[in-house]
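K.L.:
model this:
(one chain, ligands or ions: 2)
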Amino acid sequence: MSRNLAESIPLVNRLFALLESYWQQQLDPALPTPPAEIKAIVPTQQSILKHLSEREYLKQLAPKSVKDASLLSFDPGVFDNELLKLKLYSTVDPKDPSHAKEPEGDIVEGTYMGTQIALTQAYAKIEQTFSALFDVLGIEPTLPRYIQLEEQKKLYNYSAYPKNADGTPAQYPPHLQTIPPEHSYTPFGIFNAIGLIETQVILKKITPTEDGLVGKTKEWLLEKARAAAFGGDPEKGIKIQDVVDYNKYHRKFGTDISNGGNIGLLDDWYSDRRFADQQFTGVNPTTITKASPAWIADFTKAAKDGGYNKWLDFFAKVDKSSLFVQDGSYFRKAFGISNPEQVLHHKQPGSDDNWCVGAVTLFQLHDDGKLHPIAICIDHKGSMEKSTTIFNIRMTPYDSTAGEKEDWPWRYAKTASQVTDWMRHELAVHLTLSHLVEESIIVAINRTIPMDHPLYRLLLPHWYKTLSLNAAARASLVPQVVADIVGVTPDQAYSFIRDAYDTYDFVGSYVPNDLNRRGFPNTQEGLSHTRYKNYPYAKNMLALWHVLRNYVNSMLRISFPTDESIANDKYIQDFVKEVKTAGFMPSFPELKTLDALVDAVTMCIHIASPYHSAVNYLQNFYQVFVVSKPPCLCKEPPTTIGQLRQFNESDLVASLPINRQRQWLLAAQLPWLLSFKVDDERSLLNYAASQWNVYRYKKGANELKVKEASQKLYEDLQGLQRVFFHNSTGMDKGSIPYMVLDPGLTAVSILI
Ligand SMILES: CCCCC/C=C\[C@@H](/C=C\CCCCCCCC(=O)O)OO
Ligand SMILES: [Fe+2]
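P.N.:
Ligands and ions are numbered 1, 2, ... in the order given. Predicted coordinates for the structure are as follows:
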């Protein structure tokens, strides 16, 4: 049976009301008050998981009032959410949105924006209903049915690594060979349907031939593309200010935590201050590291060779411990290139020439917390002598900003540094060290640990959607998007991803260890110094680490009271072996004590939740304004300081994808699609709330311990919301707020 949209919506609303009233009935006012914001229940009881058929599972969880209704018979015509979303999409008013401005004040009905927003809200509500319903029906369950370990092992297989069966190098780090049905979500189940359709149209090189839906989309996309790219060329006088003005009035509507804002809206987006701030609160706040004596010596020599005498004096006097670097000098090696002087260049068939650089950027962190860029080696070719290094005219953050806007050589160098960070952030930090490392652990656990094991149960909620999403990244994102917009060949990009995986230090990446190895204090007391007032990422992450670790400790103690119980647990020991060998992660620790186990499990949650959220959900804010952080350079980089010193605005414009429709759209569209704010019910805070709620009725001794641990987790996370607000407002005046790690905004898993 098929139904049209008009028939489906009342039905969906009815279901939604039934579900809602059911959960309301479940709340017993005599018991401790549950957190008001509960939106979903995470059923973690083993009794539900184990040995239940879908139908029995349904009976246990389905709303009482629905049980008798005929609604429970599954009707694909009604419940095909892909179809429904497509139908919703087709109702979008195809009026040209490319000139639409961000609505001021209330949403105006009848406008494109009004329609889009109202539609998105309606869609969100329906999707929520459907995901709850699908969960209950066991069609797209968030929890898999119980499967014996032997069966699990057959379902979860690692891909071959480092070589494929035919001897060719594997493209990606060890990952899941084929996704088991329980973890399989279509792209429509992962992404916002409208955003995904737009992305797919752009991927088709904006030349769809289909009539109807795509045809209508094509019209306004083409217009948008023409406007975004200005249709002109740099020589004909395009100015950066044109792009700035365009950005003001042609933004996509807000779906992220910054409500559609982006860095390009700030008058000083290009300034030293905003450039420096991004190292601490941008989309990649994870790699800035204290400068080694070797780097300080190299930059001192570069100052001498370049005739930067003031900077030479500076190095003679400066407190060396105040110097930090962002180091892209390893790029060529990671790309698999043995010649350190090889130009990093890529031309995708049918596309334009792109260049990449491995820049090294030196900063000084002042005692009042201001970070200041000192010098940039725009592309490290094995040594400073063979590379081009430029020093900032502004020696301190307090120097006049009057000439900043027109300092084109320095602005170009900052752009080169941003290109380096785009690559390192997206391909190493985000895709590999978050998405793919977590996947490898998921595969190893599924191959070695039964579903009713405490470790499996504790980690399962943090795997929601990850496997399907990563499969989409491998099949589509890297070959179809990344390949087109970066300045290295696809093979070099794959090598870069494998390098990030192969050099990963699991234990070294525990939050306190990571801060320590990068030269930052790893206690709140140490971080409370004014020097770190603008680095809330460090403070928030450390606080989250301890809160999560306390929770994991309380949970694991219930089943593993002694170190021996861990050392003797065959499953845990098998898992360690599996992840180290088949998962090719030798830095994974031995787990023989409770402390070691608690650390490693905390790390698995940290990667899936706060770490991924930090590097994912600010993509739109910092990248949608492509000129601020482009994925590649569009003109060959200068090879001497003499050339660089001659750079003017048109050189910078020619180096940016301003004149490239497709690259621009892809580079802006993906960050937008991937920054969709997490649904409330998938936040870390709501996870804690729902877990607490499930256990608050339980009477068994161990269940009470789970209830207490969950309640404490919830209360601690709520406390952190206040602390993080304080950390954000404690930054220098005018700083971009840093709230991405608020537990109500942090996703419980890698789900986008
Ligand atoms: C612009 C580069 C962004 C790199 C992001 C890294 C990780 C990413 C992982 C998965 C995203 C998959 C996107 C697939 C798009 C599919 C389009 C289609 O199906 O046709 O994380 O957020
Ligand atoms: Fe992501």
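
K.L.:
CA atoms for contacts and neighbours, from now on please.
P.N.:
Noted.

K.L.:
what about the helices in the stretch 301-450 of the chain?
P.N.:
Applying DSSP state H, counting those that start in this stretch to the stretch 301-450 of the chain gives helices spanning 309-317, 331-334, 408-423, 437-448.

K.L.:
Which one of the ones you listed lies nearest to residue 251?
P.N.:
Among the helices of the stretch 301-450 of the chain, helix 408-423 comes nearest to residue 251, with 21.1 Å by Cα to Cα.

K.L.:
export the closest one as PDB, just CAs?
P.N.:
These are the backbone C-alpha positions of helix 408-423, laid out as PDB (Å, rounded to 0.1, in the frame of the first residue of the first chain):
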ATOM      1  CA  TRP A 408      49.300  40.400   1.100                       C
ATOM      2  CA  PRO A 409      52.500  38.300   1.400                       C
ATOM      3  CA  TRP A 410      51.700  37.600   5.100                       C
ATOM      4  CA  ARG A 411      48.000  36.900   4.300                       C
ATOM      5  CA  TYR A 412      49.100  34.500   1.600                       C
ATOM      6  CA  ALA A 413      51.400  32.700   4.200                       C
ATOM      7  CA  LYS A 414      48.500  32.400   6.600                       C
ATOM      8  CA  THR A 415      46.400  30.900   3.800                       C
ATOM      9  CA  ALA A 416      49.100  28.300   3.200                       C
ATOM     10  CA  SER A 417      49.100  27.500   6.900                       C
ATOM     11  CA  GLN A 418      45.300  27.100   6.700                       C
ATOM     12  CA  VAL A 419      45.600  24.700   3.700                       C
ATOM     13  CA  THR A 420      48.100  22.600   5.700                       C
ATOM     14  CA  ASP A 421      45.700  22.500   8.600                       C
ATOM     15  CA  TRP A 422      42.700  21.700   6.300                       C
ATOM     16  CA  MET A 423      44.500  18.500   5.200                       C
END
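
K.L.:
Centre of the chain to stretch 679-692, how far?
P.N.:
Stretch 679-692 has its C-alpha centroid displaced from the chain centroid by 19 Å (Cα atoms, centre = their mean, to the nearest Å).

K.L.:
What is the burial count for the residue in the stretch 501-650 of the chain positioned nearest to ligand 1?
P.N.:
Closest contact between the stretch 501-650 of the chain and ligand 1, by Cα to the nearest ligand atom, is at residue 616 (5.9 Å). As a burial measure, residue 616 scores 25 neighbours (other Cα atoms under 10 Å).

K.L.:
any idea of the pLDDT on it?
P.N.:
Reading off the confidence values, residue 616 has pLDDT 98.

K.L.:
Same check on the one 4 residues further on?
P.N.:
The predicted local confidence for residue 620 comes out at a pLDDT of 95.

K.L.:
anything in the helix or strand harbouring it sitting right up against ligand 1?
P.N.:
According to DSSP states H and E, residue 620 maps onto helix 619-623. No. Helix 619-623 lies apart from ligand 1 when judged by Cα under 6 Å from any ligand atom; the minimum separation is 8.5 Å.

K.L.:
Tell me where the model's unsure across the stretch 51-200 of the chain.
P.N.:
Low-confidence segments of the stretch 51-200 of the chain (pLDDT under 70): 51-145, 181-183, 193-194, 197-198.

K.L.:
Pull up the residues of it that are close to ligand 1.
P.N.:
By Cα under 6 Å from any ligand atom, the part of the stretch 51-200 of the chain that sits against ligand 1 consists of 187, 200.

K.L.:
the helices in the stretch 151-300 of the chain, which residues?
P.N.:
Using DSSP H, counting those that start in this stretch, the helices found in the stretch 151-300 of the chain span residues 187-190, 193-203, 213-229, 240-249, 272-281, 293-305.

K.L.:
thinking again about what came up before, so the residue of the stretch 501-650 of the chain closest to ligand 1 makes contact with residue 676?
P.N.:
No. Contact criterion Cα atoms under 8 Å: residue 616 and residue 676 do not qualify, at 9.6 Å.

K.L.:
pLDDT score for residue 353?
P.N.:
In this model, residue 353 is scored at 96, pLDDT.

K.L.:
list the contacts for the closest residue to ligand 2 within the stretch 201-350 of the chain?
P.N.:
Closest to ligand 2 within the stretch 201-350 of the chain is residue 283: 11.4 Å, counting by Cα to the ion. By Cα atoms under 8 Å, 6 or more residues apart in numbering, the residues touching residue 283 are 425, 614, 615, 616, 617, 618, 619, 622.

K.L.:
From what I see, the last one and residue 628 are in contact.
P.N.:
Yes. Taking Cα under 8 Å as the definition, residue 622 is a contact partner of residue 628 at 7.4 Å.

K.L.:
between these two, what contacts are shared?
P.N.:
Common neighbours of residue 622 and residue 628 (Cα under 8 Å, 6+ apart) are residue 263.

K.L.:
follow-up on the earlier one: any idea which of the helices of the stretch 151-300 of the chain scores lowest on pLDDT?
P.N.:
helix 213-229 (a mean of 43).

K.L.:
burial measure for residue 727, as a count.
P.N.:
Residues near residue 727, counting by other Cα under 10 Å, number 22.

K.L.:
Regarding it, what is its secondary structure?
P.N.:
In the three-state summary, residue 727 is assigned as helix, counting by DSSP: H, G, I helix; E, B strand; the rest coil.

K.L.:
Let the chain start at 7 from now.
P.N.:
From this message on, residue numbering opens at 7, which makes the last subject residue 733.

K.L.:
For residue 624, see how far away the nearest residue to it once chain neighbours are set aside is.
P.N.:
Closest residue in space to residue 733, ignoring its immediate chain neighbours: residue 542 at 5.7 Å, by Cα to Cα, 6 or more residues apart in numbering. Separation of residue 542 from residue 624 (Cα to Cα, to the nearest Å): 15 Å.

K.L.:
And the pLDDT at the closest residue to residue 533 other than its chain neighbours?
P.N.:
Once flanking residues are discounted, residue 533 sits nearest to residue 527: 5.8 Å by Cα to Cα, 6+ apart. You'll see residue 527 listed with a pLDDT of 98.

K.L.:
Having no further points to raise, I will conclude here.
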